[in-house]
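Q: mind folding the following:
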Amino acid sequence: MVLFIGSGLSNNANLPNWELLLDQLKQQLVDLNEEANIFYNHLDPFQKAQFLYDKSGKIAIINEIKEIFDRSAQFSEIHKILVTLPIRTIITTNWDNLIEKYFETEAKMNISTIWKDDQIS
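A: Residues are numbered from 1 along each chain as shown. Coordinates of the predicted model:
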């Protein structure tokens, strides 16, 4: 059995959804005046992400995402259930590695994670 796991699992692990993540990045990384804030609020999520990237840079964005994940992430009941299933491989779109950590620390086993297109074949 191979599971496809999306962002719902991360939401149950106390991690932010896309919009909340953008809000947290904005609060931590940019100081906008009123006019810039009005402009930002009219952008769609992809444009907001690009705006934050342009204002802060790749390294700052990555470091802040790591900080957010480190301080927020927690194992959930779903992680406990997953280790009882006969799975050794997952396909995921999630940025966190909580599933892998839970399998390693709690179940004392490794799980193969596919998260890039070229890994699927």
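
Q: verify the stated contact: residue 45 with residue 20.
A: No - checked against C-beta atoms under 8 Å, the pair residue 45 and residue 20 is beyond contact range at 11.0 Å. In this view, the C-beta of every residue, glycine as well, is placed from N, C-alpha and C.

Q: what are the phi and psi angles of the nearest residue to residue 101 once chain neighbours are set aside?
A: Leaving aside its chain neighbours, residue 101 sits nearest to residue 75 (8.0 Å; criterion: C-beta to C-beta, 6 or more residues apart in numbering). In terms of degrees, to the nearest 10, the main-chain angles of residue 75 are phi -60, psi 150.

Q: relative to residue 102, how far out is residue 75?
A: In this view, residue 75 and residue 102 are 5 Å apart by C-beta to C-beta, to the nearest Å.

Q: so between these two, which is more surrounded?
A: Shown here are residue 75 and residue 102; by other C-beta atoms under 10 Å, residue 102 has more neighbours (19 against 16).

Q: quick one: buried residues of whichever strand or helix holds the more buried one?
A: In the assignment (DSSP states H and E), residue 102 maps to helix 98-105. By neighbour count on 16 or more other C-beta atoms under 10 Å, the buried set for helix 98-105 is 98-99, 102-103.

Q: how about residue 3, secondary structure?
A: strand (DSSP: H, G, I helix; E, B strand; the rest coil).

Q: that one against residue 90, yeah?
A: Yes - using C-beta under 8 Å, residue 3 is in contact with residue 90, at 4.9 Å.

Q: between these two, which one's more packed in?
A: Between residue 3 and residue 90, residue 90 has the larger neighbour count (other C-beta under 10 Å), namely 21 against 14.

Q: mind listing what the more buried one touches?
A: If a contact means C-beta atoms under 8 Å, 6 or more residues apart in numbering, then residue 90 has 2-5, 99, 111-114 as its contacts.

Q: of those - the most surrounded one?
A: Going by other C-beta under 10 Å, residue 99 tops these with 24 neighbours.

Q: how far away is it from residue 83?
A: Residue 99 sits 9 Å away from residue 83 when distances are taken as C-beta to C-beta.

Q: all good on my end, thank you.
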